[in-house]
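Student: Mind folding the following:
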Amino acid sequence: MEIGIRSLETEDYDALVSLWQRAGLKFKPQGRDSRDALNHQLRQGGVTLLGTEKGGRLIGVVMVSHDGRKGWINRLAVDPAYRRQGLGARLIAAAEKELHDQGIEVIAAFIEAENEPSLNLFQEEGYLLAREIFYLSKRPGEEA
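Tutor: I've put the predicted structure just below:
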């Protein structure tokens with residue numbers, strides 16, 4: 001499938017939320033995934049949203065960020081109607097290129113334990129599963 005991948009902006013928020021819903025991606029619309037929060041993340045730098053469309057409809061997205069030493073691939077979502085066509089792998093490659101272009105060589109991804117398709121996809125793309133790492137977080141509330 002020939003696709004173009006472009007940077008998304010706050011103006012793409014409604015299409016982004018629609019895609020996350022179609023893809024079954026968990027998100028926090030009253031907190032960290034709100035329009036205002038997304039706008040803040042994009043404007044502060046270090047965060048890029050990449051997406052692809054077909055027929056004017058957003059069908060794939062990935063969030064790319066870094067802390068100056070390590071890059072992160074987050075929020076990868078593909079419309080269910082377009083899965084198993086290589087789109088997820090193309091978005092991962094675009095995220096990696098974005099990070100490499102910014103001088104980031106080490107790239108990681110967080111994947112929820114029950115998301116076997118994503119876990120398999122990242123492993124197929126050369127990512128190694130680190131079972132010895134525990135993820136801990138401290139949050140001010142459920143939407144953070």
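Student: for the protein, what spans make up the helices?
Tutor: Taking DSSP state H, the helices of the chain run over residues 13-23, 35-44, 87-101, 116-124.
Student: what would the ones you listed look like in TSV with mean pLDDT, distance to Ser65 and mean neighbour count?
Tutor: C-beta coordinates here come from the backbone N, C-alpha and C atoms, glycine included. Shown next, in TSV, are the helices of the chain (pLDDT from 0 to 100; distance: least, CB to CB, whole Å; neighbours: other CB atoms under 10 Å):
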stretch	mean pLDDT	distance to Ser65	mean neighbour count
helix 13-23	96	15	17
helix 35-44	93	8	14
helix 87-101	96	9	18
helix 116-124	93	16	15
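Student: Let's have those in CSV, adding distance to Arg6.
Tutor: Output for those, formatted as CSV (distance: least, CB to CB, whole Å):
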stretch, distance to Arg6
helix 13-23, 12
helix 35-44, 14
helix 87-101, 10
helix 116-124, 21
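Student: Quick one, which of those helices gets closest to Arg57.
Tutor: The closest of these to Arg57 is helix 13-23. By CB to CB, the value is 7.4 Å.
Student: Now do the closest one against helix 35-44, angle only.
Tutor: Helix 13-23 and helix 35-44 are oriented at 110 degrees to each other (axes from the mean of the first three to the mean of the last three CA atoms, to 10 degrees).
Student: next one: helix 13-23 to chain centre, how far?
Tutor: Relative to its parent chain, helix 13-23 has a centroid offset of 12 Å by CA atoms, centre = their mean, to the nearest Å.
Student: Next: stretch 101-121.
Tutor: Distance of stretch 101-121 from its chain centroid, counting by CA atoms, centre = their mean, is 9 Å.
Student: Which one, of the helices of the chain, ends up nearest to Pro80?
Tutor: Pro80 lies closest, by CB to CB, to one member of these: helix 13-23, at 6.3 Å.
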